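S.K.: Can you look at this prediction? I've put the sequence above it.
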Amino acid sequence: MTTERQKSIYIAGPMSGIPEFNFPAFYDAAESWHRIGWKVFNPANKEGETLSEESRKNGDPIQAQKDGFNFREVFMWDVDKVVHSDAIYMLRGWENSPGARAEHAVAVAVKRHYPEYEIIYEC
């Protein structure tokens, strides 16, 4: 008897400058993927651990850094999850986000070596 491995997906999209760092869109997407059986890596969960209420409310990356948010640390976590997932889900507006564009570039590189890797775009 073979047990099928649970597929995993990373959620990518714009955050900085958007109220609540766009977390509601990330949570909605994560719930949708989770509901159909995927293991979800949601950066909103990870980043939400270290953001102050003030910076989170306004989506202010400068305030977040002043409050101790470490972009480099968080971005390394993000890239690791992109590389080790089976897919990446690109939220609307990702093209306007330097971080999401970088995550997309990593996904494109992974897909080149692993054609089964999926890059999925929100419609």
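M.R.: Arrived safely, thanks for sending. Please read all numbers here as calculations on a predicted model, not as lab measurements. Residues are numbered from 1 along each chain as shown.
S.K.: Residue ranges in this structure under the pLDDT threshold?
M.R.: 1-3 (pLDDT under 70).
S.K.: and the next element down the chain from the longest helix seen in the chain?
M.R.: Ordering each helix of the chain by length in residues (DSSP state H) puts helix 98-113 first. As assigned by DSSP states H and E, the chain's next helix or strand after helix 98-113 is strand 118-121.
S.K.: Show me what that next one is packed against.
M.R.: strand 87-90, helix 98-113 (3 or more C-beta pairs under 8 Å, 6 or more residues apart in numbering; DSSP states H and E). Where you see a C-beta, it was placed from the backbone N, CA and C, and this is true even at glycine.
S.K.: sorry, back to before: as PDB, could you dump the C-alpha coordinates of the longest helix of the chain?
M.R.: Extracted in PDB, the C-alpha atoms of helix 98-113 (Å, rounded to 0.1, in the frame of the first residue of the first chain):
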ATOM      1  CA  PRO A  98      10.500  43.200  -5.200                       C
ATOM      2  CA  GLY A  99      10.300  40.300  -2.600                       C
ATOM      3  CA  ALA A 100       7.600  38.400  -4.500                       C
ATOM      4  CA  ARG A 101       9.500  38.900  -7.800                       C
ATOM      5  CA  ALA A 102      12.600  37.500  -6.200                       C
ATOM      6  CA  GLU A 103      10.600  34.500  -4.900                       C
ATOM      7  CA  HIS A 104       9.100  34.000  -8.400                       C
ATOM      8  CA  ALA A 105      12.600  34.100  -9.900                       C
ATOM      9  CA  VAL A 106      13.700  31.300  -7.400                       C
ATOM     10  CA  ALA A 107      10.600  29.300  -8.400                       C
ATOM     11  CA  VAL A 108      11.400  29.700 -12.100                       C
ATOM     12  CA  ALA A 109      15.000  28.400 -11.400                       C
ATOM     13  CA  VAL A 110      13.600  25.400  -9.400                       C
ATOM     14  CA  LYS A 111      11.100  24.600 -12.200                       C
ATOM     15  CA  ARG A 112      13.900  24.600 -14.700                       C
ATOM     16  CA  HIS A 113      15.500  21.600 -12.900                       C
END
